[in-house]
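*Asks:* below: sequence and its predicted model.
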There are 2 protein chains.
Amino acid sequence: MKKVVVDAMGGDYAPHEPIAGSVLAVKDFSDIHIILVGPEDKLTKELAKHDYPRDRISVVNASEIIEMDESPASAIRKKKDSTIVVGSTLVKKGEAEAFVSAGNTGACMSAGLLKIGRIKGISRPAIATVFPNIKNQTVVLDSGANVDIGSLELTQFALMGKIFAEKVLKKTDPRVGLLNIGEEEHKGSKLTHETYPLLQEMPLNFIGNVEGRDIFKNTVDVVVCDGFVGNIVLKTSEGIADAIFKILKEEILKSRLAKLGALFMKPALRGLQKRMDYTEYGGAPLLGIKGISIISHGSSNAWAIRNAVRIARESLLNNLVETITENVQEINATDEGGE
Amino acid sequence: MKKVVVDAMGGDYAPHEPIAGSVLAVKDFSDIHIILVGPEDKLTKELAKHDYPRDRISVVNASEIIEMDESPASAIRKKKDSTIVVGSTLVKKGEAEAFVSAGNTGACMSAGLLKIGRIKGISRPAIATVFPNIKNQTVVLDSGANVDIGSLELTQFALMGKIFAEKVLKKTDPRVGLLNIGEEEHKGSKLTHETYPLLQEMPLNFIGNVEGRDIFKNTVDVVVCDGFVGNIVLKTSEGIADAIFKILKEEILKSRLAKLGALFMKPALRGLQKRMDYTEYGGAPLLGIKGISIISHGSSNAWAIRNAVRIARESLLNNLVETITENVQEINATDEGGE
């Protein structure tokens, strides 16, 4: 039985959706035990509304909540009984193997770093976001954990992204690309110029520079960038997808015939929405720490939480952390040997 | 009569589409004269297929073409009889007032910089790309001209973007935002931290940090970022919009009813496509040079070229270059006065 902690108070729809998502998860995954963290009374009351195998969900009390707009580092220090601190500490102590939260992203990251701890040799952990592409998925990292980094960090992101794509997205020999403003090697910034030759030297299927549009074309599996750029890619994508659906709705409402057409097209529109929907991927793992931490979108519903647990489970079953640890040690050993 | 040079050999569909677009432009705008640059024989032959007021389109010979994958700076130096060099030189000499090209973006930029020349006081010219939002447009700059820049350049982009939004997009007191990974002032990179207080001091309606998703929400009019980030925003947006339309098509083809629905929805889908279509905006002006240069998408069709001429015309009629020149001088004078 794999033990996964779910932050019952994380996100815009807590505790209702995280709890409903946990119930879905234990029903769908017979090898998962969920530990809900949050105010015990409240959670017990909410849990009582559900029908589920009682021995598969337990509650650990945490009396505080880190709000979405709190400064992460100081919140982690001050709110020692917050769901994010208590949950991450359970993973640190080995009482659970993974943590899932739709709460304050920065706080989840800080807790991952400060409580669960970095893998030896990793300079900076990265948030790996799974994007839909026209055929399956592309993982982009870092998507928000680190700004102002160097080429060492980018090469480590490439390695971790490759392992995640293999182990969790089940891609064979994933294609790794460096996000840039053109495909030619000479294009880009000082940082991409420094990173390009380093990626060429690594045991990776490095396909060179890729552009923003490649993320969605299934021409690359792992896209490497700094957290500033990655976060802007993520938010821009969300923004344009929302705008397209909103404008389409407006255009449909302009004509009766279009409204009828939309009714006929409902399954197709739903298919599109499902394929573009972030809730299908559940959450973004924080890679590079000594445990599994999945950071879910603030507006996660039960299905998103259930899928975040699925990602955590697949990461555990496929030894994601162990594989990253071994590979980093090997690469660092090679680097030292070569010097 | 305003004279606009159109690069007849620029883009994937040259010379057919640039010439057809020029014909559309002289028909739609009675105050525009188009000078086509390219191989005279070829252009004259292609022009003969069209019906248009003969005295409103002329041809200037240019025997060379800068290919899409050529290195811009060296191409500009070597190919002195290329359409981009000849066209930009016409603007420099005052024989025309604007240049429109769907050719090599970097070469258009270099030619703008080296042939037409920077406005005094402007550190780096910027490409301003107009994005559709749910209500009208948002301009993002720089979208590819400059990587590895500093806060001075970003403040100048803000000023130029504001003037473009007022003069060409007809926005009153445009809202200017700094593209960042969160709204709070403390968020972001070293560059955004340095730039934020400078933007607060400027005679702008500075609304603070904005995120990628704001570009499409009509919550900001001018979005300021470096050219690396801006280019990735542009390509990511194109990529996801293409993916959405592609997936929707696939989903529609799965069911007969959906196909019928799509037929009924055709006007709505076309409305959506029109509102998301870059060809409506025609091209991105290179701001900060002593003339008008509009850089169009490589895949521009006649409509896109016609609209690029429209943007050039509106820039000319509303004294875009003169206004930028005056404002930069004022701000530089204030800065010196304050020291």
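*Replies:* All right, it came through fine. Numbers count the residues shown, from 1 in each chain, chains lettered A, B, ... in the order given.

*Asks:* dihedrals phi and psi, the nearest residue to A:Ile57 once chain neighbours are set aside?
*Replies:* Leaving out its chain neighbours, the residue that sits closest to A:Ile57 by C-beta to C-beta, 6 or more residues apart in numbering or on different chains is A:Ile34, at 4.7 Å. (Each C-beta comes from the backbone N, C-alpha and C, glycine too.) Reported as degrees, to the nearest 10, the phi and psi values for A:Ile34 are phi -100, psi 130.

*Asks:* look up how far A:Ala107 lies from A:Ile34.
*Replies:* As defined by C-beta to C-beta, to the nearest Å, A:Ile34 lies at a distance of 21 Å from A:Ala107.

*Asks:* picking up where we left off before, tell me the bridge partners for the residue nearest to A:Ile57.
*Replies:* A:Val4, A:Ile57 (DSSP bridges).

*Asks:* show me what contacts it?
*Replies:* Residues in contact with A:Ile34 (C-beta atoms under 8 Å, 6 or more residues apart in numbering or on different chains) are A:Lys3, A:Val4, A:Val5, A:Val6, A:Ser22, A:Ala25, A:Val26, A:Arg56, A:Ile57, A:Ser58, A:Val309.

*Asks:* which helix or which strand is home to A:Lys135?
*Replies:* A:Lys135 belongs to no helix or strand when assigned by DSSP states H and E.

*Asks:* and the residue nearest the centre of chain A, what are its bridge partners?
*Replies:* In chain A, the residue lying closest to the centroid (C-alpha atoms, centre = their mean) is A:Ala284, at 0.3 Å. Taking DSSP bridges as the rule, A:Ala284 bridges to A:Ile295.

*Asks:* my guess is it contacts A:Ala126, does it?
*Replies:* No: using C-beta atoms under 8 Å, A:Ala284 is not in contact with A:Ala126; the gap is 9.5 Å.

*Asks:* could you pick out the buried ones from the contacts of A:Ile34?
*Replies:* Neighbour counting with 16 or more other C-beta atoms under 10 Å in any protein chain shown marks A:Lys3, A:Val4, A:Val5, A:Val6, A:Ser22, A:Ala25, A:Val26, A:Arg56, A:Ile57, A:Val309 as buried within these.

*Asks:* out of these, which comes closest to chain B?
*Replies:* Closest approach to chain B among these (C-beta to the nearest C-beta): A:Val6, at 25.0 Å.

*Asks:* let me see the contact set for that closest one.
*Replies:* A:18, A:21-22, A:25, A:34-37, A:87, A:100-101, A:305, A:309.

*Asks:* right, and A:Gly291 touches A:Lys92 too?
*Replies:* Yes: here A:Gly291 reaches A:Lys92: they are 7.1 Å apart, a contact under C-beta under 8 Å.

*Asks:* residues near the nearest residue in space to A:Gln137 that is not next to it in sequence, how many?
*Replies:* Leaving aside its chain neighbours, A:Gln137 sits nearest to A:Val130 (5.0 Å; criterion: C-beta to C-beta, 6+ apart). Residues within reach of A:Val130, counting by other C-beta atoms under 10 Å in any protein chain shown, total 24.

*Asks:* hey, what's A:Val130 bridged with?
*Replies:* Assigned bridge partners for A:Val130, using DSSP bridges, are A:Val139.

*Asks:* which pLDDT value goes with it?
*Replies:* A:Val130 is assigned 94 on the pLDDT scale.

*Asks:* so what's it up against?
*Replies:* Applying C-beta under 8 Å, 6+ apart, we find A:Val130 in contact with A:Gln137, A:Thr138, A:Val139, A:Leu169, A:Tyr281, A:Ala284.

*Asks:* what residues are up against the second one?
*Replies:* Taking C-beta under 8 Å, 6+ apart as the criterion, A:Thr138 is in contact with A:Val130, A:Phe131, A:Pro132, A:Ile215, A:Phe216, A:Asn218, A:Val220, A:Asp221, A:Val222, A:Val223.

*Asks:* repeat the analysis, applying 6 Å as the threshold.
*Replies:* Listed by C-beta atoms under 6 Å, 6 or more residues apart in numbering or on different chains, the contact set of A:Thr138 reads A:Phe131, A:Ile215.

*Asks:* roughly how far does it sit from A:Val223?
*Replies:* Note on A:Thr138: its distance to A:Val223, by C-beta to C-beta, is 6 Å.

*Asks:* over to the fourth one?
*Replies:* The span separating A:Leu169 from A:Val223 equals 13 Å under the rule C-beta to C-beta.

*Asks:* among those two, which residue is more densely surrounded?
*Replies:* A count of neighbours by other C-beta under 10 Å puts A:Val223 above the other of A:Leu169 and A:Val223, at 28 against 20.

*Asks:* now the more buried one: which helix or strand?
*Replies:* If you go by DSSP H and E, A:Val223 is part of strand A:222-224.

*Asks:* does that strand reach chain B?
*Replies:* No: Strand A:222-224 stays clear of chain B (C-beta under 6 Å from any C-beta of the partner chain), getting no nearer than 10.3 Å.

*Asks:* which segments of chain A make up each domain?
*Replies:* What automatic domain parsing lists as the domains of chain A is A:1-122+A:288-339, A:127-279.

*Asks:* got the contact list for the residue lying closest to A:Asp28 once chain neighbours are set aside?
*Replies:* Nearest residue to A:Asp28 in three dimensions, chain neighbours excluded: A:Arg306, at 6.6 Å (C-beta to C-beta, 6+ apart). With contacts defined as C-beta under 6 Å, 6+ apart, A:Arg306 is in contact with A:Gly21, A:Leu24, A:Ala25.
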